[in-house]
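A.B. asks: quick one, what's the 3D model for this:
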Amino acid sequence: MLTLDTIREAHERIRPHVHRTPVVTSRTFDEAAGRRVFFKCENFQRAGAFKIRGATSRIRALSAEERVRGVVAFSSGNHAQAVALAARDAEVRAVIVMPLDAPRMKLAATRGYGAEVVTYDRQREDREEVTRRLSEREGLTLVPPYDDYHIIAGQGTCALELFEEVTDLDALLTPCGGGGLFAGASTAARALRPGVRCFPVESELSDDTRRSFRKGERVTIPPPATIADGMRTQTPGALTFPVLSENAEDVLAVSEEEIVEAMRFLLFRMKILVEPTGAVAAAAVLFDRLPRDLERVGVVLSGGNVDPETLASLACRAG
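C.D. replies: Numbers count the residues shown, from 1 in each chain. All right, here's what the predicted structure looks like:
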């Protein structure tokens, strides 16, 4: 189950293997947003994103027999790199299933961390089926991107750290793909500061969670063509969605153009490189998606892994 205690246990388990990332503020951003904003910079995390927290939590919880056999994961990028690095640190074999069109930098980094990469065509093949066959054939333990309580608890440790440093936040915003980051972070936040208001944020093109939240049940959308490649999920997680439904006040969404503008603001005004997925929560604050009575806001910048070509294109796309 997911509780503050399990998140604290995950924190103790992963502490020697991950960074305690900084909390950053910007007067310029505060003036533009009309609020006091505190950024938890997971773009400075090992492997460039928050995903190393959950991957390390899961892999460090493997049994001795599971460690000998190894692990398998499926991901378009950040989870792939995180599992590869966490497995290397733990001296565990890792096989990663990645789409052929995954960002080249993320494919290269995953291989660079020592993982075996198996590619698939996302238009014709189901990644979970490819992964399941590998798991059964080779006896590998699945490390899913979000639907596992060890992983969700690991992701929640970033909010544990944030609220240790900034205790009086009115709201917490995180990007939301499958929902593991929001589920873990919002659970920690609400336990540490009852009454804090929590908001997952998506791209408008990948709003499976927003639709599900408003309908009261998980819905599935077609493959979304968003620049936020960490948000190309089609349905919320089976474990994460009930937690999200309990903890979220609302699910916010931002446009592709607003994501790009937030990235540009963070890069050019604050000198912080954030990938599109990592910038969606900042975009929601910058473009005034929050209720006006929320003055002190925590924002998770979830990752900073972006191809140089993509970065150059997005940097020149607006303005």
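
A.B. asks: hmm, who's touching the strand or helix carrying residue 29?
C.D. replies: Element membership of residue 29 [criterion: DSSP states H and E] is helix 27-33. Applying Cβ atoms under 8 Å, 6 or more residues apart in numbering, the contact partners of helix 27-33 are 36, 37, 265, 269, 270, 282, 285, 286, 288. Yep, even glycine has a C-beta here, placed from its N, CA and C like the rest.

A.B. asks: pull the contacting residues for the first one.
C.D. replies: The neighbourhood of residue 36, defined by Cβ under 8 Å, 6+ apart, consists of 25, 30, 295, 296, 297.

A.B. asks: try 6 Å this time
C.D. replies: Contacts for residue 36 (Cβ atoms under 6 Å, 6 or more residues apart in numbering) come out as 30, 296.

A.B. asks: so where's the chain uncertain?
C.D. replies: Flagging of the chain using pLDDT under 70 yields the residue ranges 317-319.

A.B. asks: leaving aside the residues adjacent along the chain, what's closest to residue 232?
C.D. replies: Residue nearest to residue 232 in three dimensions, not counting chain neighbours: residue 224, with 5.6 Å by Cβ to Cβ, 6 or more residues apart in numbering.

A.B. asks: list the contacts of residue 184.
C.D. replies: Taking Cβ under 6 Å, 6+ apart as the test, what residue 184 contacts is 152, 153, 155, 156.

A.B. asks: which of these sits closest to residue 46?
C.D. replies: residue 155 (14.0 Å; Cβ to Cβ).

A.B. asks: so where does residue 298 fall, helix or strand?
C.D. replies: strand 296-301.

A.B. asks: tell me the helices and strands packed up against that strand.
C.D. replies: Strand 296-301 sits against strand 36-41, strand 171-175, helix 276-286, with contacts defined as 3 or more Cβ pairs under 6 Å, 6 or more residues apart in numbering; DSSP states H and E.

A.B. asks: and the helix or strand following it, what's buried?
C.D. replies: Toward the C-terminus, strand 296-301 is succeeded by helix 308-315 as the next helix or strand (DSSP H and E). By 16 or more other Cβ atoms under 10 Å, the buried positions in helix 308-315 come out as 310, 311, 314.

A.B. asks: same thing with stretch 58-72?
C.D. replies: Across stretch 58-72, burial judged by 16+ other Cβ under 10 Å covers 58, 59, 60, 61, 62, 67, 69, 70, 71, 72.

A.B. asks: just give me how far the helix holding residue 29 sits from the chain centre.
C.D. replies: The chain centroid and the centroid of helix 27-33 are separated by 24 Å, computed with Cα atoms, centre = their mean, to the nearest Å.

A.B. asks: with stretch 294-304 instead?
C.D. replies: Relative to its chain's centre, stretch 294-304 lies at 13 Å (Cα atoms, centre = their mean).

A.B. asks: endpoint to endpoint, it covers what distance?
C.D. replies: 27 Å (Cα to Cα, to the nearest Å).

A.B. asks: let me see the ranges of the helices in the stretch 151-300 of the chain.
C.D. replies: 180-192, 208-215, 240-247, 256-264, 276-286 (DSSP state H, counting those that start in this stretch).

A.B. asks: ah, wrong one, I meant the stretch 1-150 of the chain
C.D. replies: Using DSSP H, counting those that start in this stretch, helices in the stretch 1-150 of the chain cover 4-14, 27-33, 51-59, 64-69, 78-90, 104-112, 127-138, 149-165.

A.B. asks: export the ones you listed to a markdown table and tack on distance to residue 243?
C.D. replies: As requested, these are exported to a markdown table (distance: least, Cβ to Cβ, whole Å):
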| stretch | distance to residue 243 |
| --- | --- |
| helix 4-14 | 12 |
| helix 27-33 | 27 |
| helix 51-59 | 14 |
| helix 64-69 | 25 |
| helix 78-90 | 18 |
| helix 104-112 | 27 |
| helix 127-138 | 21 |
| helix 149-165 | 7 |
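
A.B. asks: which one of the ones you listed is the most hemmed in?
C.D. replies: Highest mean neighbour count of the helices of the stretch 1-150 of the chain: helix 51-59, a mean of 31 (counted as mean count of other Cβ atoms under 10 Å).
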